[in-house]
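Asker: This is a predicted model, with the sequence first.
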Amino acid sequence: MVTVLDTVSPTPVKPRHPEKAHRPDNPILRKPEWIRVKAPGSPVYRETMDIVREHGLVTVCEEAGCPNIGECWSKKHATFMVMGEVCTRACAFCNVRTGLPDALDGEEPARVADATVKLGLEHVVITSVDRDDLDDGGAGHIADVVKAIRAASPETTIEVLTPDFLRKKGAVETVVEAQPDVFNHNLETVPSLYLTVRPGARYFHSIRLLQRVKELDPAMFTKSGIMVGLGEERNEVLQLMDDLRVADVDFLTIGQYLQPTRKHHKVDRFVPPEEFKSYETIAYAKGFSLVSASPLTRSSHHAGEDFAKLRAAREKALGA
């Protein structure tokens with residue numbers, strides 16, 4: 001019999017947020033049947049876990065309580081979160097711990113590269129915590145990870161999911177110069193919710209960051225994602241799509257927000273699958289090259305398959 005979880009994620013949520021103790025409790029709503037996932041536990045899942053542990057690496061799959069961890073790790077797909085597991089921001093939706101991070105680990109790029117080889121990854125996603133404490137926001141470290149993977153596994157395509165590098169001059173340029181195949185930066189939500197959901201960030205700065213990537217390298221694929229169910233209005237989501245298209249963003253992901261703990265932002269509602277399908281149809285009509293919209297969509301879920309589709313579509317267009 002297959003075990004089905006009706007929890008935020010298939011991994012236990014760590015009681016590790018003393019910095020959020022001042023926030024009021026928000027009840028966690030019972031999830032509808034379309035947001036249920038299989039419990040992890042396959043032999044390949046355990047093998048992936050062993051490789052991650054052996055290399056002393058952090059994954060966003062675990063830190064963010066991703067509901068797709070069972071599926072992804074059973075395929076040896078893991079998203080590495082570099083620069084530690086402590087973030088300098090305190091976004092109301094995020095399960096990553098807030099505080100003063102440790103110093104950067106100069107050996108981490110090599111360990112990520114080695115794990116990429118051992119997992120046999122054809123496409124790897126590298127994300128990170130926000131590091132406002134660093135002069136470059138960690139851009140140089142992310143670039144070092146990209147370069148290390150290139151050297152160890154030249155055939156692997158690389159996707160970076162970066163912080164916003166707010167007030168970090170030259171940071172975007174540093175990452176683009178390392179030549180990842182995909183530059184991803186998530187808007188997370190609509191601008192009207194930034195003060196409550198993403199208070200340390202600025203919506204139009206994030207839009208400008210994505211636009212800047214295209215200015216530096218028009219051939220680099222760009223990507224962004226949002227969560228719905230936080231209290232946004234439909235017309236706000238459609239306007240956000242337009243803002244991303246003005247910045248020439250190629251790929252959009254839209255997924256359901258799932259509340260990690262009672263101290264996090266509440267779920268306003270669970271968006272039904274047919275509404276996600278409507279968003280997908282509209283996004284394609286607005287000119288995105290690829291759209292992934294479903295309750296369980298996450299930025300790195302099926303990232304390799306999606307990148308292959310993006311590249312094939314571009315090659316077809318160029319051939320035409």
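Answerer: The structure has been received and is ready for your questions.
Asker: Help me confirm that Ser224 is found in a strand?
Answerer: Yes. Assessed by DSSP: H, G, I helix; E, B strand; the rest coil, Ser224 belongs to a strand.
Asker: what about it, how many residues close to it?
Answerer: By other C-beta atoms under 10 Å, 27 other residues sit near Ser224. C-betas here are computed from N, CA, C, even on glycine.
Asker: Check Gly255 too.
Answerer: Based on other C-beta under 10 Å, the number of other residues close to Gly255 is 23.
Asker: What of Pro24?
Answerer: Counted with other C-beta under 10 Å, residues neighbouring Pro24 total 7.
Asker: same question, the one 3 residues further on
Answerer: Summarising burial for Pro27: neighbours were counted as other C-beta under 10 Å, giving 9.
Asker: can you check Trp34 too?
Answerer: Around Trp34 there are 14 other residues, counting by other C-beta under 10 Å.
Asker: Check Pro154 too.
Answerer: 7.
Asker: Would it be right to say that it lies in a strand?
Answerer: No. Going by three-state DSSP, the assignment for Pro154 is coil, not a strand.
Asker: and the gap between Ala303 and Lys118?
Answerer: According to C-beta to C-beta, to the nearest Å, Ala303 and Lys118 sit 19 Å apart.
Asker: Who has more neighbours out of the two?
Answerer: Counted by other C-beta under 10 Å, Ala303 and Lys118 do not tie: Ala303 has more neighbours, with 25 against 17.
Asker: For that one, which non-adjacent residue is closest in space?
Answerer: In space, and not counting its chain neighbours, Ala303 is closest to Val125: 5.1 Å by C-beta to C-beta, 6 or more residues apart in numbering.
Asker: Check the secondary structure at the one you found for me.
Answerer: Secondary structure, three-state DSSP: Val125 is strand.
Asker: residue contacts, it?
Answerer: Contact partners of Val125, counting by C-beta atoms under 8 Å, 6 or more residues apart in numbering, are 79-80, 159-161, 184, 299-300, 303.
Asker: could you measure it against Gly287, distance?
Answerer: Using C-beta to C-beta, we find Val125 at a distance of 24 Å from Gly287.
Asker: do Ala151 as well
Answerer: Going from Ala151 to Gly287 by C-beta to C-beta gives 36 Å.
Asker: where do the strands sit along the stretch 1-150 of the chain?
Answerer: Assigned by DSSP state E, counting those that start in this stretch, the strands in the stretch 1-150 of the chain fall at 4-5, 37-38, 79-82, 86-87, 97-98, 123-128.
Asker: Turn those into TSV, columns for distance to Ala143 and mean pLDDT.
Answerer: Below are the strands of the stretch 1-150 of the chain laid out as TSV (distance: least, C-beta to C-beta, whole Å; pLDDT from 0 to 100):
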stretch	distance to Ala143	mean pLDDT
strand 4-5	37	36
strand 37-38	34	64
strand 79-82	11	88
strand 86-87	20	94
strand 97-98	25	91
strand 123-128	10	93
